[in-house]
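Peer 1: What follows is a predicted protein model with its sequence.
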Amino acid sequence: MHTTNLRWWYPAAVLAAGALWAEAHDDLSKPEIRTEIRKDEKGKDVVYMFIDGIKVHERDPAKQPHPPVVTPGTDGAAEGPGLPPSDAVVLFDGSAESMKNWTDTMGNPTKWKLVDGALEAVKKAGYIQSRQEFGSCQVHVEWATPKPPKGNDQGRGNSGVFLMGRYEVQVLDSYENTTYADGQAGALYGRAKPLVNACRPPGEWQSFDIIFHRPQFDEKGEVVERATFTVLHNGVLIHDHVILSGGTGWRGPHAATEYEAHPDKGPISLQDHGNPVRYRNIWVRELED
């Protein structure tokens, strides 16, 4: 294994343009983020966060329009798992042996199940995480939500792929299933909605290809360079070098966590949200910061 860069995957001109765009636009004052405390119906304080004037997890489509729906083309996920690049770290290939690459959050063997060559989430088994840790990286992961579908909104096929164990790309059955835009499949949870909804029907295999550059912190633990995400869902671009404005953790019904200083590397994590979502063909390529 060796560290490489994005030239294997993107044309040099695109990379150069993206680097210049990031340098010019990684202004820590943008987007405009404000928070306020409001009382709920029981008199309890609830944090409300607004990103460029839009409430986190806003359900009113007049205020936060839903991404348009597109029908994805055919790729390896639909036809079967493809082959990873020769320099990839393979975290799961469908074998029982590759399940040893994963633990629960305490480092114990995972209680998730191996079903037909896929890792299946088990309710109350908790998150799983890779033994190996990564910083900036390219991640490929294939997933399928249950068929027939059960539940709706956030209760239908819910899971997530976490970079460094903390920055979530949402997994959800968003095929004819309405939820808040920044929580649907492919969202950077609570922070950025996908450009389009590229979900396939429940039970069909889907893919994420994620290009992630980790955040940078100074000696005081303050963020000086924020994380970026480029994400393709079923081969369709849904995040185009998005600068992550903060953390993606749950902070109540209308707020997300902020950045907190952390080590330069962390695990790839998969979420148990009570739904038997399946994963396969998971590999990572390390990238330069």
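Peer 2: Thanks, I have the structure now. Since this is a predicted model, take the numbers as computed values, not measurements. Numbering: from 1, shown residues only.
Peer 1: Now do stretch 61-76: everything it contacts.
Peer 2: 54-55, 58, 82, 142, 178, 180-182, 184, 193-200, 206-207, 233-236, 238, 281 (CB atoms under 8 Å, 6 or more residues apart in numbering). Yep, even glycine has a C-beta here, placed from its N, CA and C like the rest.
Peer 1: Okay, strands next: where are they in the stretch 51-200 of the chain?
Peer 2: Along the stretch 51-200 of the chain, counting by DSSP state E, counting those that start in this stretch, strands occupy 54-55, 89-92, 102-104, 113-115, 118-120, 128-134, 137-144, 159-163, 167-171.
Peer 1: Highest mean neighbour count out of those?
Peer 2: When those are scored by mean count of other CB atoms under 10 Å, the highest mean neighbour count falls to strand 167-171 (a mean of 26).
Peer 1: tell me the mean pLDDT for that one?
Peer 2: For strand 167-171, mean pLDDT rounds to 98.
Peer 1: And the next helix or strand past that strand?
Peer 2: The first helix or strand that comes after strand 167-171 along the chain, using DSSP states H and E, is strand 206-213.
Peer 1: That following strand - contacts with which helices or strands?
Peer 2: helix 76-79, strand 137-144, strand 159-163, strand 167-171, strand 228-233 (3 or more CB pairs under 8 Å, 6 or more residues apart in numbering; DSSP states H and E).
Peer 1: Dump the ones you listed to CSV, plus distance to Arg34.
Peer 2: Conversion of these to CSV gives the following (distance: least, CB to CB, whole Å):
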stretch, distance to Arg34
helix 76-79, 39
strand 137-144, 32
strand 159-163, 26
strand 167-171, 22
strand 228-233, 23
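Peer 1: Can you flag the weakest of the ones you listed by average pLDDT?
Peer 2: Among the helices and strands packed on strand 206-213, helix 76-79 carries the lowest mean pLDDT, at a mean of 68.
Peer 1: contacting residues for Val224?
Peer 2: Contacts for Val224 (CB under 8 Å, 6+ apart) come out as Leu28, Gln216, Phe217, Asp218.
Peer 1: Tell me the strands beside the host helix or strand of it, with direction?
Peer 2: Secondary structure from DSSP H and E places Val224 in strand 223-225. Under the criterion DSSP bridges, strand 223-225 sits next to strand 216-217 (antiparallel) in its sheet.
Peer 1: picking up where we left off before, relative to Val47, which of the contacts of Val224 is nearest.
Peer 2: Leu28 (20.6 Å; CB to CB).
Peer 1: if I look at the closest one, how far off is Val224?
Peer 2: Applying CB to CB, to the nearest Å, the value for Leu28 to Val224 is 8 Å.
Peer 1: Ala256 now?
Peer 2: According to CB to CB, Ala256 and Val224 sit 20 Å apart.
Peer 1: Quickly note the distance from the residue nearest the centre of the chain to Phe50.
Peer 2: Per CA atoms, centre = their mean, the C-alpha nearest to the average position across the chain is that of Val169, at 1.3 Å. Separation of Val169 from Phe50 (CB to CB) stands at 22 Å.
Peer 1: before we move on, the earlier item: which ChimeraX command selects the buried ones in the contacts of stretch 61-76?
Peer 2: To isolate the buried ones among these in ChimeraX, judged by 16 or more other CB atoms under 10 Å, type:
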select :54,55,58,142,180,181,182,184,193,194,195,196,197,198,199,200,206,207,233,234,236,238,281
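Peer 1: So, low pLDDT: which residues of the stretch 1-150 of the chain?
Peer 2: Where the stretch 1-150 of the chain drops to pLDDT under 70, the residues are 1-26, 73-78.
Peer 1: Spit out the contact partners of Asp104.
Peer 2: So Asp104 contacts Thr110, Lys111, Ala125, Gly126, Tyr127, Ile128, Gln129 (CB under 8 Å, 6+ apart).
Peer 1: who's it bridged to?
Peer 2: Beta bridges link Asp104 to Ile128 when assigned by DSSP bridges.
Peer 1: right, and the helices and strands packed on strand 206-213 - which one's nearest Lys44?
Peer 2: Across the helices and strands packed on strand 206-213 (criterion: CB to CB), the nearest stretch is strand 167-171, sitting at 25.3 Å.
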